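Asks: Coordinates for the following, if possible.
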Amino acid sequence: MTDSERVAAVVAERDAIQTNLLELDGSFVKQLLDGATLSGRTRERWAAVSATLTGLWETYMAYSAVVDRVAELGDTRRPSKKDLSELTELLTGPAVRLPGAPVPLARRDLADTGRAPVTLEASVAAMRRAFTEVTEVTSAVEAVWADVGAPLDAAAAELARCRPLVAGLGDEIEAAFREAQSSLDSRRAEANADPLALARGGRTDTSAADRLREQVTGLAARIAELDRLRGAAQRRIDGLRTATADARTARQDAVATWQRAAQRIAALPPLPPDIAEPPLAGLTALAAAGRWTRLEAELGQSETNLAASAARTQQLQHSVAALLSRRDELRGLLGAYQAKAARLGAAEDPELAARYDQAHDLLWAAPCDLAAATAAVAGYQQAILMTEGRRP
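Replies: Numbers count the residues shown, from 1 in each chain. Below is the predicted model of the structure:
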C-alpha cells in the first residue's frame, strides 16, 4: 500500500469514527440518560460509561488532530524528505497522546509530560473498546425501554380511551381507575430511572408491566360494560315497564280462557300467581345515583322474574288449550267407535249402548271429567273390539 493510499485509509477511518461518535452523542437514549434522574444499577453504570465517553472524545480529539496532520502531509504533491519522514512517523509511530492516568514518575524522562503517546492504530483500538463499553449500556437500556414500554404504552392507551367514561360509574370504578393510573406512572418512572434493574441475563423482566397491562385490560372491559349498562339503563327500565304491562295483559287473557275452560273441563291446572310489580322506582333511583353494578344485578333479576312469570302464563294457555283439544278428540273418537259398532251390526247391543251413553254423558257434561271420560271411551272401544272378535 502506498503512502497516499494509507493516508486515504486513515482519513476514511477517522471520518467513520466521527460519524459514529456523533450519532452516539446525539442518540435519543443517550440524551434521555443524560437528562434523567437515574437510580440504582443504571446510575452506577451510566456514571462509569459517561466518564468513559468523555475520555473517548478526548482521545478522538487527540487522534483527529494527528489525522489532520497526516492528511495535510499526504496532500502535498512533492513532499520533502522531512515531510515524508514525519508522515511515516505519524502513520506508524507513537503520535497520539491518550488521556488517562499519567506514566508513573519513576518511569518518566525529565522532559516527559507524564502521558505516553501511542500509535494511530492503538488509539483506534482504545476508542473501539470505549465505544463498545458505552454502546453496551445504551443498547441494554434501549432494549429494556422498548420491551417494557410496549405493555406500558398499551396500558396507557387503554386508560386514555376509558378516561372520558369513568366519571359517574361509581366510587369503586373511579378508585380502581386512579389506582391503575398510579401504578402505570410508578412502573414507567421505575423503568426510566433504573432500566438496567430489569435486565436479566440478556432478557428484560416485563412481568410487572405485563401484569399491569392485564389488570388494565380487565378494568377497561368492566368500564365498557358499565358504560354500556349506563347507556341502556333507561331503555331497559322502560322496556321492563312495557314488558310487565304486556305480561299482565297476557295473564288476564289466560285467566279469561281458564275461566271459560273451567265451565267445560274439570280439574284444570291452577292459575299462576299475579305478575309482580318490578321495583321501577328503585331502579330509576339506582340509575340516578350511578350505582351501575347494583342496577345491573337488580335489572337482571327483575327481567328474569318477569320472564318466569310470562312463561307460567304461556304454559297455562297451552295446558288449557291441550285439555280442550283432548275433549274434542275424545268426542271424535266416540263418534268413530259408534260408527264402527253400527257397521258391525251391534249398535243396539245393550252393553255397547250403555257404554256409549256413559262416555257420551261424561264428554258432554259441563264441566267434563276428562279422566273419567277417557276411561269410558277406552272401555267402549274395548267392548267393540271384543264384539268384533266374537263375530263368525
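Asks: all contacts plus neighbour counts: C-alpha atoms, from now on.
Replies: Fine.
Asks: what about this structure, any weak spots by pLDDT?
Replies: 1, 76-79, 100-115, 389-392 (pLDDT under 70).
Asks: Select the longest helix from it.
Replies: helix 207-262 (DSSP state H).
Asks: any idea of the angle the very next helix or strand once past that one forms with helix 207-262?
Replies: Using DSSP states H and E, the helix or strand that follows helix 207-262 towards the C-terminus is helix 280-288. Here helix 280-288 points in a direction 160 degrees away from that of helix 207-262 (axes from the mean of the first three to the mean of the last three Cα atoms, to 10 degrees).
Asks: The nearest residue to residue 374 once chain neighbours are set aside: what's it in contact with?
Replies: Counting by Cα to Cα, 6 or more residues apart in numbering, residue 330 is the residue found nearest to residue 374 once chain neighbours are left out, at 7.0 Å. With contact taken as Cα atoms under 8 Å, 6 or more residues apart in numbering, residue 330 is in contact with 363, 373-374, 377.
Asks: out of those, which one sits closest to residue 178?
Replies: Nearest to residue 178 among the contacts of residue 330 is residue 374, at 72.6 Å by Cα to Cα.
Asks: where's the closest one, which helix or strand?
Replies: helix 370-390.
Asks: Go through that helix and flag the buried ones.
Replies: 370, 373-374, 376-381, 383-384, 387 (16 or more other Cα atoms under 10 Å).
Asks: try stretch 170-188
Replies: Per 16+ other Cα under 10 Å, stretch 170-188 contains these buried residues: 173-174, 177, 180-181, 184, 187-188.
Asks: before we move on, what about stretch 280-287?
Replies: Within stretch 280-287, the residues that count as buried by 16+ other Cα under 10 Å are 283-284, 286-287.
Asks: just stretch 133-151 next, same as before
Replies: Using 16+ other Cα under 10 Å as the test for burial, stretch 133-151 gives 134-135, 137-138, 140-145, 147-149, 151.
Asks: which of the buried residues of stretch 280-287 lies closest to residue 322?
Replies: residue 283 (39.0 Å).
Asks: one step back: need the max-distance pair from the buried residues of helix 370-390.
Replies: Largest separation among the buried residues of helix 370-390 by Cα to Cα: 370 and 387, giving 25.5 Å.
Asks: So which residues of the chain form helices?
Replies: Remark: helices assigned in the chain by DSSP H are 3-26, 28-35, 40-74, 81-92, 120-166, 171-193, 207-262, 280-288, 292-343, 350-363, 370-390.
Asks: In CSV: these, plus distance to residue 274.
Replies: Shown next, in CSV, are these (distance: least, Cα to Cα, whole Å):
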stretch, distance to residue 274
helix 3-26, 80
helix 28-35, 73
helix 40-74, 72
helix 81-92, 107
helix 120-166, 40
helix 171-193, 38
helix 207-262, 8
helix 280-288, 17
helix 292-343, 8
helix 350-363, 32
helix 370-390, 27
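Asks: Quick one: closest of the ones you listed to residue 99.
Replies: Short answer: helix 40-74, nearest of the helices of the chain by Cα to Cα, at 6.2 Å.
Asks: hmm, back to that, relative to residue 231, which of the contacts of residue 330 is nearest.
Replies: Once Cα to Cα is applied, the member of the contacts of residue 330 that ends up nearest residue 231 is residue 374, at 56.8 Å.
Asks: Residue 15 versus that closest one, what's the distance?
Replies: From residue 374 across to residue 15, the span is 111 Å (Cα to Cα, to the nearest Å).
Asks: go on, residue 32?
Replies: Counting by Cα to Cα - residue 32 and residue 15 are separated by 26 Å.
Asks: Widest-spaced pair of the buried residues of stretch 133-151?
Replies: So, the buried residues of stretch 133-151 by Cα to Cα: farthest apart are 134 and 151, at 27.1 Å.
Asks: quick revisit: ok, of the contacts of residue 330, which one's closest to residue 335?
Replies: Nearest to residue 335 out of these is residue 377 (Cα to Cα; 10.0 Å).
Asks: correct me, but that closest one touches residue 332?
Replies: No. In this structure residue 377 lies outside contact range of residue 332 using Cα atoms under 8 Å: 10.3 Å.
Asks: Next, count neighbours for the residue nearest to residue 64 when sequence neighbours are not counted.
Replies: In space, and not counting its chain neighbours, residue 64 is closest to residue 14: 6.8 Å by Cα to Cα, 6+ apart. Each residue near residue 14 was counted by other Cα atoms under 10 Å, and the total is 19.
Asks: Number the chain from 605, please
Replies: That works, and once the first residue is 605, the last one we named lands at residue 618.
Asks: can you tell me how far residue 618 sits from residue 795?
Replies: Per Cα to Cα, residue 618 is found 36 Å from residue 795.
Asks: How is the protein divided into domains?
Replies: 607-748, 836-922, 925-994 (automatic domain parsing).
Asks: Could you export those domains as TSV, including distance to residue 827?
Replies: TSV is the format used below for the domains of the chain (distance: least, Cα to Cα, whole Å):
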stretch	distance to residue 827
domain 607-748	31
domain 836-922	10
domain 925-994	48
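Asks: Nearest to residue 805, out of the ones you listed?
Replies: domain 607-748 (10.8 Å).
Asks: and the end-to-end length of the closest one?
Replies: Distance across domain 607-748, first residue to last, is 47 Å (Cα to Cα).
Asks: Then stretch 632-652?
Replies: 19 Å.
Asks: Who are the contact partners of the closest residue to residue 723 other than its chain neighbours?
Replies: Of all residues not flanking residue 723 in the chain, residue 698 sits nearest, at 4.1 Å (Cα to Cα, 6+ apart). Counting by Cα under 8 Å, 6+ apart, residue 698 touches 721-724.
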